[in-house]
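Chemist: could you work out the structure for the sequence below:
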Amino acid sequence: MIAWHPLFTKPRMERRVAETLQGRGVPVFLPLLRYHGKRGHLLERPFFPRYLFARMDLEVSGLDSVQWTPGLTHVVSFDGQPARLPDQTLEYLRARLERLDGDAFLALKPGEPVRVTRGPFADMEAVFDGRLNGERRVAVLLRILGRQTRVSLDAGDVERLA
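Modeler: All right, here's what the predicted structure looks like:
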């Protein structure tokens, strides 16, 4: 039975898995969030980090047909059976993402947990404290040597924790 199946990838490998499967003729849907970067350029990032959807008949092609795709961790399963999503669910998701304002969605509020993505504090978790100098600089609270320390960073160097 042909159905949409959720796939779980290695970190930041969603696009590679999607391209590989598309190259094999498998229809895929990688939900992307569109937003403006710090210089005003339109950017995209996965709406569901590490997940994408593939439309296939696993009963005919078998799990091995996708399981060994480079960058793929596994096909999402429940009780040993690959999960299936109805076409309506994917169509609803597509429609919602088209109407979603990525900039507003990504707007951080004080007190929200964030991760520093670049610089000397890369990969550290912090608490968003506020915006500085308009939209380009932000303040976060980092735990350094057992104390919360307020640090100023470029707004593009932090991301909301899931």
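Chemist: am I right that Pro11 is in contact with Gly71?
Modeler: No - assessed by Cβ atoms under 8 Å, Pro11 is found out of contact with Gly71, at 9.5 Å. Every residue, glycine included, has its C-beta placed from N, CA and C.
Chemist: who has more neighbours out of the two?
Modeler: Remark: of Pro11 and Gly71, Gly71 carries more neighbours, 18 against 9, as counted by other Cβ atoms under 10 Å.
Chemist: and the pLDDT for that one?
Modeler: pLDDT, Gly71: 97.
Chemist: check Asp129 too.
Modeler: 93.
Chemist: ok, and what's touching stretch 58-74?
Modeler: Applying Cβ atoms under 8 Å, 6 or more residues apart in numbering, the contact partners of stretch 58-74 are 1, 5, 7-10, 13, 16-17, 20-21, 26, 50, 54, 56, 75, 82.
Chemist: buried only: go through the residues you listed for me.
Modeler: The neighbour-count test (16 or more other Cβ atoms under 10 Å) marks 5, 7-9, 13, 17, 20-21, 26, 50, 54, 56, 75, 82 as buried among these.
Chemist: Glu14: neighbour count?
Modeler: The tally of other residues near Glu14 (other Cβ under 10 Å) stands at 26.
Chemist: got it, and Glu112?
Modeler: 13.
Chemist: report the central residue of the protein.
Modeler: When Cα atoms, centre = their mean is applied to the chain, the residue found nearest the centroid is Pro49 (2.5 Å).
Chemist: hmm, that residue is touching Glu14, no?
Modeler: Yes - under the criterion of Cβ under 8 Å, Pro49 makes contact with Glu14 at 7.5 Å.
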